[in-house]
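Visitor: coords please:
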Amino acid sequence: MPAEPSRPSPFRRWTSRRVVVEDESMRPTLRPGDRLLLDPRAYRHCPPAVGDVVVLVDPEEPERWLVKRVTAYDPTTGRVDVQGDAANVARDSRHFGPVPQRQIVGRAYRLYFPKHRRREL
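Guide: Sure, this is the predicted structure:
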């Protein structure tokens, strides 16, 4: 019998954070000015999955957050490779190397604004 699709926890809405995309590095998936909902508890009990869109602390400018896609996870070291979808303009693991999982602030799960582009990520 096929498994039922998992439903997001009703508590995710209460703990969500809002973030704004500020650069071009995730084009065409995300654009500057897009507003995202972020689940800061997403990786509390499981590791990041390849393909997840995450927000992380910039390893070179800790006061700044970056929005990137997970491209690899090494469970032995707890390090994550992240990349922007626009390789020609993205500053990501190709530039600063893999980051510790603890630098991930959370998983972006919904683009909520602008309305005409609203969708789950």
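
Visitor: from here on, just use CA atoms for contacts and neighbour counts.
Guide: Will do.

Visitor: pLDDT weak spots in the chain?
Guide: 1-14 (pLDDT under 70).

Visitor: in it, which residue is most central in space?
Guide: residue 54 (1.1 Å; CA atoms, centre = their mean).

Visitor: ok, that one touching residue 102?
Guide: No. Assessed by CA atoms under 8 Å, residue 54 is found out of contact with residue 102, at 12.0 Å.

Visitor: grab the nearest non-local neighbour of the residue nearest to the centre of the chain.
Guide: Leaving aside its sequence neighbours, residue 54 sits nearest to residue 107 (CA to CA, 6 or more residues apart in numbering; 4.4 Å).

Visitor: any idea which helix or strand carries that neighbour?
Guide: strand 104-113 (DSSP states H and E).

Visitor: tell me how far that strand is from the chain's mean position?
Guide: Taking CA atoms, centre = their mean, to the nearest Å, the mean C-alpha location of strand 104-113 is offset from the chain mean by 6 Å.

Visitor: quick check: the gap between residue 80 and residue 49.
Guide: 10 Å (CA to CA, to the nearest Å).

Visitor: residue 74 now?
Guide: From residue 74 over to residue 49 (counting by CA to CA), the distance is 11 Å.

Visitor: which ones are touching residue 83?
Guide: 68-71, 90-94 (CA atoms under 8 Å, 6 or more residues apart in numbering).

Visitor: quick revisit: which strands or helices does the strand holding residue 107 pack on?
Guide: With contacts taken as 3 or more CA pairs under 8 Å, 6 or more residues apart in numbering; DSSP states H and E, strand 104-113 sits against strand 35-39, strand 53-57, strand 119-120.

Visitor: can you map out the helices along this protein?
Guide: 12-15, 93-96 (DSSP state H).

Visitor: give me phi/psi at the nearest residue to residue 33 once chain neighbours are set aside?
Guide: Using CA to CA, 6+ apart and skipping residues adjacent in sequence, the residue nearest residue 33 is residue 21, 5.4 Å away. When quoted as degrees, to the nearest 10, the phi and psi of residue 21 stand at phi -70, psi 130.
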